[in-house]
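Student: Make a model of this:
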Amino acid sequence: MRTFNPEKELRKIQKGNKNKIILGVIYLLLVVAIGSSYALYQIKYNKRIIYTQVDDFSNNKNLAIYVDDSKQDAFPDKNNYYFDKVVCDNNSTWEFDYEKWELTLTTNKEDKCNIYFTKNYRDKSGANTPELYQGLIPIYFNEANEMLIADVEKEWYDYDKHNWGNAVLIDNTNPSIKNKFYKEDGTLKANEKITEEDILQMYVWIPRYKYQLWNVISKSSAPKQIINIKFESGITNTGDIECTYTNEGNGIINEKCLNKETKAEVQNKEWYTHPAFTFGNTELLGIWVGKFEPSDAKDVIGRNENNIGEITILPNKTSMVNKNISTAFFTEQTLSEEGNKYNLSSEEVDTHMMKNMEWGAVAYLTQSIYGIYTHNGEGCTIEGMNKENCEVWINNTAQGTGSDGTWAWGGTYTGCVANNVNAIVKFNSEVGTTATCDGDKKWNTGGVRASTTGNMYGIYDMNGGASEYMMGLTTGKNSGVPCYNTDFSGLSAENIPDQKYYDLYGFSDSFFTQERGHLGDATRETIASYGAGSGGWNSDNTFFPLIGSVGFPFFRRESYTGSVYAGTFAFSYASGAADLSLSFRSVLTAA
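Tutor: Coordinates of the predicted model:
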């Protein structure tokens, strides 16, 4: 192995660059490259200037390499390990070349960085590896559209290929089910085929990312476009801006977003770490989102150690509807209580009802080259669509009859797809038809057109299905207190959850004060025609919650009844009450 002497290398560079050192300011490029049989360490400097504290940086051993958490002197063999991440104290930036097995680290100040490699599989997109909490079992799909238990040392997800990370929960209290997944030594039976009947819940990993802003001006419109996204490593916030929310106490929630360095007002084209990846005071590697709307619930009205909630999240099931927000929220909260059948631990994972901001995180990733757009940005991953009309297809199934000529509300069948992108509602009793998922309508056949990736690895029921209650609500008119609408929602000042569980918006008595939206929640940023009721991207509905003669303080995401007005970017208002057309969605995060 060639010995690298940073002091000697620096003196050689300094000898011919005295004038540049005297002019001094910023930029060190440290490149660590591996050869076929040895590690080669190099320092690459910006053409303009050398980072003047490089001697301290090197001699203080501020660069360390870890292979499976064991400190090493060199990069490991590229054929046996995966690059994992770089963690720096002062947020230096980096790029990794997987072909050359080379890391470029750029810094403008003294920093300390650790470089990590792992035996476990990592894709090349830069996305954080799906965080497998206790109880979560990683899965993948083969070419026959079958589900298999993943070997985490082999490829089981790849965001560059639109294959988002998937995992399932099973009934750990059932020995026959548990034995299908685990060996006697407690390790997983990798590559074993499993069926929907073996599973209770299915989840999809949304990795931490930042996105490029395009519509930051209040009361403005913007045409539909591909959203630029960059995955972030670990929990480091690499965005250009940060936003704060101030409750003015008079029905106004003030969102103030500034550049972190200059403190200037936010501008388009700046990058923003999506706020869904901050949960209270906890920074997240990503979030797990229910693959389908929930079904088959055992309700709980509140927290009760002897009454743990149960739901299933599976395809071709009746979506759970007719539950008020309180019931939905507290059912979700109990899924990780001690004694739950999923083997989840409340010390490790937080189970909760989806927030408006978390919906936005899924919607934005969907509208990127990692979702429904091809990686070159010129096509659509959904069969039969192109860049211009690319959109997740609707699930238009309904269990109502519609026989009397009126809307017959009812749950939908999860994971289904319609005959076209915006088909009208299809009732269960229509002559000669059935609203159930069969043939080319199933989630693992033609139903992939209703997935956020155009394949089986995505999330379903994001366009159509039942309407979904979000944990997003408005304040009262003359106060900063959330409007609980207690008689309908079941929430009150006594049982309202911690604010990390909901997004709060300012008061209005109009549907069209759309500037109340926040950056990242897929509301005001994705409006193509400001002030219109169906002015969202893809003509989706854009009705904000309001409090007038009747209270509708909660957000909902639109259902099959919206037809062309439903969609990934559709939103509307709701009272919080139990309703035959309203469901919700499950989210898992680090506790």
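Student: Only C-alpha atoms from now on, for both contacts and neighbour counts.
Tutor: OK.
Student: Okay, strands next: where are they in the stretch 51-200 of the chain?
Tutor: 63-67, 70-72, 82-88, 93-97, 102-107, 113-118, 137-141, 147-149, 166-169, 193-194 (DSSP state E, counting those that start in this stretch).
Student: mind putting these in JSON lines, mean neighbour count and distance to Gly446 included?
Tutor: JSON lines is the format used below for the strands of the stretch 51-200 of the chain (neighbours: other C-alpha atoms under 10 Å; distance: least, C-alpha to C-alpha, whole Å):
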{"stretch": "strand 63-67", "mean neighbour count": "17", "distance to Gly446": "42"}
{"stretch": "strand 70-72", "mean neighbour count": "12", "distance to Gly446": "46"}
{"stretch": "strand 82-88", "mean neighbour count": "22", "distance to Gly446": "34"}
{"stretch": "strand 93-97", "mean neighbour count": "16", "distance to Gly446": "37"}
{"stretch": "strand 102-107", "mean neighbour count": "19", "distance to Gly446": "41"}
{"stretch": "strand 113-118", "mean neighbour count": "19", "distance to Gly446": "37"}
{"stretch": "strand 137-141", "mean neighbour count": "22", "distance to Gly446": "15"}
{"stretch": "strand 147-149", "mean neighbour count": "20", "distance to Gly446": "17"}
{"stretch": "strand 166-169", "mean neighbour count": "24", "distance to Gly446": "19"}
{"stretch": "strand 193-194", "mean neighbour count": "16", "distance to Gly446": "21"}
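Student: any chance of those in CSV, with mean pLDDT and distance to Ile229 too?
Tutor: Output for the strands of the stretch 51-200 of the chain, formatted as CSV (pLDDT from 0 to 100; distance: least, C-alpha to C-alpha, whole Å):
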stretch, mean pLDDT, distance to Ile229
strand 63-67, 84, 28
strand 70-72, 86, 32
strand 82-88, 88, 18
strand 93-97, 80, 16
strand 102-107, 79, 20
strand 113-118, 88, 23
strand 137-141, 98, 24
strand 147-149, 98, 29
strand 166-169, 98, 20
strand 193-194, 97, 33
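Student: now the ones you listed in CSV, with distance to Asn340?
Tutor: Shown next, in CSV, are these (distance: least, C-alpha to C-alpha, whole Å):
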stretch, distance to Asn340
strand 63-67, 36
strand 70-72, 35
strand 82-88, 33
strand 93-97, 41
strand 102-107, 44
strand 113-118, 32
strand 137-141, 16
strand 147-149, 22
strand 166-169, 11
strand 193-194, 22
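Student: So the residue sitting nearest the centre point of the chain versus Ala127, what's the distance?
Tutor: What sits nearest the mean C-alpha location of the chain, by C-alpha atoms, centre = their mean, is Ile206, with 3.2 Å. Here the criterion is C-alpha to C-alpha, to the nearest Å. By it, Ile206 lies 9 Å from Ala127.
Student: per-residue confidence at Gly536?
Tutor: In this model, Gly536 is scored at 93, pLDDT.
Student: Please name the residues that touch it.
Tutor: Contact partners of Gly536, counting by C-alpha atoms under 8 Å, 6 or more residues apart in numbering, are Thr526, Ile527, Ala528, Ser529, Thr542, Phe569, Ala570.
Student: Quick check: the gap between the nearest residue to Leu63 once chain neighbours are set aside and Gly234.
Tutor: Using C-alpha to C-alpha, 6 or more residues apart in numbering and skipping the chain neighbours, the partner closest in space to Leu63 is Cys113 (5.1 Å). From Cys113 across to Gly234, the span is 13 Å (C-alpha to C-alpha).
Student: Which neighbours do the two have in common?
Tutor: Listed as contacting both Cys113 and Gly234 by C-alpha under 8 Å, 6+ apart are Val87.
Student: In this structure, what helix or strand scores lowest on average pLDDT?
Tutor: strand 39-44 (a mean of 30; mean pLDDT, DSSP states H and E).
Student: Met470 is nearest to which of the strands of the stretch 51-200 of the chain?
Tutor: Nearest of the strands of the stretch 51-200 of the chain to Met470, taken as C-alpha to C-alpha: strand 166-169 at 22.6 Å.
Student: Hmm, Gly286 and the residue nearest to the centre of the chain touching each other?
Tutor: Yes: between Ile206 and Gly286 there is a contact under C-alpha atoms under 8 Å: 5.4 Å.
Student: Stretch 579-590 spans what distance, first to last residue?
Tutor: End-to-end distance of stretch 579-590 (C-alpha to C-alpha): 31 Å.
Student: what mean pLDDT would you report for that stretch?
Tutor: The average of the pLDDT scores along stretch 579-590 is 93.
Student: how far is it from where the chain is centred?
Tutor: 15 Å (C-alpha atoms, centre = their mean, to the nearest Å).
Student: now swap in stretch 104-111 and tell me
Tutor: 29 Å.
Student: got the contact list for the residue nearest to the centre of the chain?
Tutor: Each residue near Ile206 by C-alpha under 8 Å, 6+ apart is listed here: Trp164, Gly165, Gly286, Ile287, Trp288, Val289, Ala361, Val362, Leu365.
Student: now, which of the residues you listed sits nearest Ala591?
Tutor: Using C-alpha to C-alpha, the contacts of Ile206 come closest to Ala591 at Ile287, 11.1 Å.
Student: Can you report how many residues lie near Pro294?
Tutor: Pro294 is flanked by 25 other residues according to other C-alpha atoms under 10 Å.
Student: quick one, what contacts it?
Tutor: Applying C-alpha under 8 Å, 6+ apart, the residues contacting Pro294 are Ile311, Thr312, Ile313, Leu314, Ser319, Met320, Ser583, Phe584, Arg585, Ser586.
Student: Let's see that with 6 Å instead.
Tutor: Listed by C-alpha atoms under 6 Å, 6 or more residues apart in numbering, the contact set of Pro294 reads Thr312, Ile313, Ser319, Met320.
Student: looking at the sheet around the second one, what are its partners?
Tutor: Under DSSP bridges, the beta-bridge partners of Ile313 are Gln201.
Student: My read is that it contacts Gln201, right?
Tutor: Yes: counting by C-alpha atoms under 6 Å, Ile313 touches Gln201, with 4.3 Å between them.
Student: For Tyr501, give me its contacts.
Tutor: For Tyr501, no contacting residues are found, by C-alpha under 6 Å, 6+ apart.
Student: swap the cut-off to 10 Å and go again
Tutor: Contacts for Tyr501 (C-alpha atoms under 10 Å, 6 or more residues apart in numbering) come out as Phe279, Gly280, Phe329, His352, Met353, Met354, Lys355, Asn356, Met471, Gly472.
Student: ok, now how distant is the residue nearest to the centre of the chain from Gly126?
Tutor: Remark: distance between Ile206 and Gly126 (C-alpha to C-alpha) = 13 Å.
Student: Quick check: neighbours shared by those two?
Tutor: Residues touching both Ile206 and Gly126 comprise Tyr159, with contact defined as C-alpha under 10 Å, 6+ apart.
Student: quick one: what helix or strand has the residue nearest to the centre of the chain in it?
Tutor: Per DSSP states H and E, Ile206 falls inside strand 201-207.
Student: returning to that earlier point: now pLDDT and secondary structure too, for the contacts of Ile206, in CSV please.
Tutor: Below are those laid out as CSV (pLDDT from 0 to 100; DSSP: H, G, I helix; E, B strand; the rest coil):
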residue, pLDDT, secondary structure
Trp164, 98, coil
Gly165, 98, coil
Gly286, 98, strand
Ile287, 98, strand
Trp288, 98, strand
Val289, 98, strand
Ala361, 98, helix
Val362, 98, helix
Leu365, 98, helix
